[in-house]
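Visitor: Here is my input; please provide its structure:
(one chain, ligands or ions: 1)
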Amino acid sequence: MTIIPDNQHPGLRALIWRDDRLEVLDQRRLPDQALYDCYDSVEGVADAIYSMRVRGAPAIGIAAAYGAVLAARRRVAGHDADWHAGLEQDFELLAAARPTAVNLHWALARARQLLAAVRPAREDVVARLLELAHTLHAEDLAANLAMGAAGADVIQGACGVLTHCNTGSLATGGHGTALGVIRTAWQRQQLQAVYATETRPWMQGARLTVWELAQDGIPVTLLADSAAAWLMRSGRIQWVIVGADRIAANGDTANKIGTYALAVLARQHGVRFMVVAPSSTLDAATSSGDAIVIEERDPSELLLPAYQHDDSLVSAWNPVFDVTPAELIDAIVTERGVVLHPDAQRMQALLA
Ligand code: MRU
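Guide: From the prediction side, this is the model:
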């Protein structure tokens, strides 16, 4: 792994395929440093996903697609006759990196489909998988631009919005999902105020969202996660706009921990609640949110060092996503269309 500094913040991309390697912007270091780590192995890409150098459901999916290219290059170049089986092991490694974001599994399913349907000759496998990765990358950007316009149409009349976590260019192929709606609505002069939560414990809001918005010249006000109820009570926001890591067949939505609390608060205060996600985040095979696996990360991400010793009586519980029931969601915006008041029937109609 080599590190490439990049001080040109505007236009920073989360993922760049260059010189047959994947360059990953290390988002853990933002906004202080913009450094790219370069990967030429599938193990490296799996670690970049697990360690959250790259994060955000669509970006994770795209990274996995490039990871599949690196895996294929090694398997095909080796003398192993059963390179298919080896490649499947590599796909499993990527899939295990983070369990909740379905885009990761979706991208790998697309790679498997390609291998099964096209059955490329051994010498063509790498080129075909690379073509797929570039396609998924470009399709995600296009989906975000479409969702930005569709979501901005839905929030017409709003003057203040709150977003949670980071759903911008850093988390996607570009423009963003929830942040894409905010960007588009701001460009259309529909918004007067944008608020962002800190998003503990990883601080995606405080480190990444406010940084992205400031890069675009969009003023943003940061608040502690625990200040959301008071903000809603003040009447300053009309919509909460968030992304998603997995949307079940009935519209139940897994997203960054704290999203569920925001949805409950929004309903209490008459604030509307929007989820914005590409169709790669829809999981028709999972009937409801109860079946979604919620990633729990190491307690050390929460615990102060003073409590991280063997005989400490202080422990920590660190689920990093939660599930918002569909009945608390006013609109799900995808590139295929908008579902108002989502339920199983309306979600099925979207996918038909
Ligand atoms: O743990 P993270 O930072 O990967 O979580 C990201 C989120 O929860 C986002 O809201 C979601 O992936 C949508 S990103 C467009």
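
Visitor: Please tell me how far residue 198 sits from the ligand.
Guide: Taking Cβ to the nearest ligand atom, to the nearest Å as the measure, residue 198 and the ligand are separated by 13 Å. (Glycine included, C-beta is placed from N, CA and C.)

Visitor: got the phi/psi numbers for that residue?
Guide: Recorded main-chain torsions at residue 198 are phi -60, psi -40, according to degrees, to the nearest 10.

Visitor: how many neighbours does it have?
Guide: Using other Cβ atoms under 10 Å, the number of residues around residue 198 comes to 22.

Visitor: quick one: the residue of the stretch 151-300 of the chain found nearest the ligand from residue 347, how far?
Guide: Of the residues in the stretch 151-300 of the chain, the one nearest the ligand is residue 243, at a distance of 2.9 Å by Cβ to the nearest ligand atom. For residue 243, the distance to residue 347 under the criterion Cβ to Cβ, to the nearest Å works out to 17 Å.

Visitor: These two: who's more crowded?
Guide: Between residue 243 and residue 347, counted using other Cβ under 10 Å, residue 243 has the larger neighbour count: 31 against 22.

Visitor: just checking, what packs against the helix ranked longest in the chain?
Guide: With residue count as the measure and DSSP state H as the assignment, the chain has helix 125-154 as its longest helix. If you count contacts as 3 or more Cβ pairs under 8 Å, 6 or more residues apart in numbering; DSSP states H and E, helix 125-154 packs onto strand 15-18, helix 57-77, helix 102-118, helix 178-187, strand 272-276, strand 331-334, strand 337-340.

Visitor: out of the ones you listed, which comes closest to residue 204?
Guide: Each of the helices and strands packed on helix 125-154 was checked against residue 204 via Cβ to Cβ, and the shortest separation belongs to helix 178-187, namely 10.8 Å.

Visitor: near the ligand, anything from the closest one?
Guide: No - for helix 178-187, no contact with the ligand is found by Cβ under 6 Å from any ligand atom; the gap never falls below 6.9 Å.

Visitor: Going by neighbour count, list what's buried in that helix.
Guide: Neighbour-count burial for helix 178-187, with 16 or more other Cβ atoms under 10 Å as criterion, is recorded at 178-186.

Visitor: Name the nearest of those relative to residue 38.
Guide: Scanning those for proximity to residue 38, where the rule is Cβ to Cβ, the winner is residue 179, at 26.6 Å.

Visitor: Now do the same for residue 119: its pLDDT.
Guide: Here, the pLDDT recorded for residue 119 equals 75.

Visitor: and it, how far is that from residue 92?
Guide: Computed with Cβ to Cβ, the distance linking residue 119 and residue 92 is 21 Å.

Visitor: go on, residue 241?
Guide: Following Cβ to Cβ, the distance that separates residue 241 from residue 92 is 35 Å.

Visitor: more crowded one of the two?
Guide: residue 241 (29 against 11).

Visitor: could you point out which element follows the helix or strand containing that one?
Guide: Mapping residue 241 onto the secondary structure by DSSP states H and E places it in strand 239-242. On the C-terminal side of strand 239-242, the nearest following helix or strand under DSSP H and E is strand 246-248.

Visitor: ok, that next one: who's next to it in the sheet?
Guide: Partner strands and pairing direction for strand 246-248 (DSSP bridges) are strand 253-256 (antiparallel), strand 282-283 (parallel).

Visitor: hmm, back to that, just send the buried residues of helix 178-187 back as TSV, with distance to residue 218 and pLDDT too.
Guide: Formatted as TSV, those follow (distance: Cβ to Cβ, whole Å; pLDDT from 0 to 100):
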residue	distance to residue 218	pLDDT
178	13	98
179	9	98
180	12	97
181	12	98
182	7	98
183	7	97
184	11	97
185	10	97
186	5	97
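
Visitor: any low-confidence regions in the stretch 151-300 of the chain?
Guide: Low-confidence segments of the stretch 151-300 of the chain, defined by pLDDT under 70, are absent.

Visitor: 90 - rerun?
Guide: When the per-residue scores of the stretch 151-300 of the chain are filtered using pLDDT under 90, the ranges that remain are 157-158.

Visitor: Spell out which parts of it neighbour the ligand.
Guide: For the stretch 151-300 of the chain, the residues in contact with the ligand under the definition Cβ under 6 Å from any ligand atom are 165, 167, 171-172, 177, 204, 243-245, 255-256.

Visitor: before we move on, what SS does residue 280 have?
Guide: helix (DSSP: H, G, I helix; E, B strand; the rest coil).

Visitor: same thing with residue 38?
Guide: Going by three-state DSSP: residue 38 is strand.

Visitor: Look up how far residue 102 lies from it.
Guide: 27 Å.
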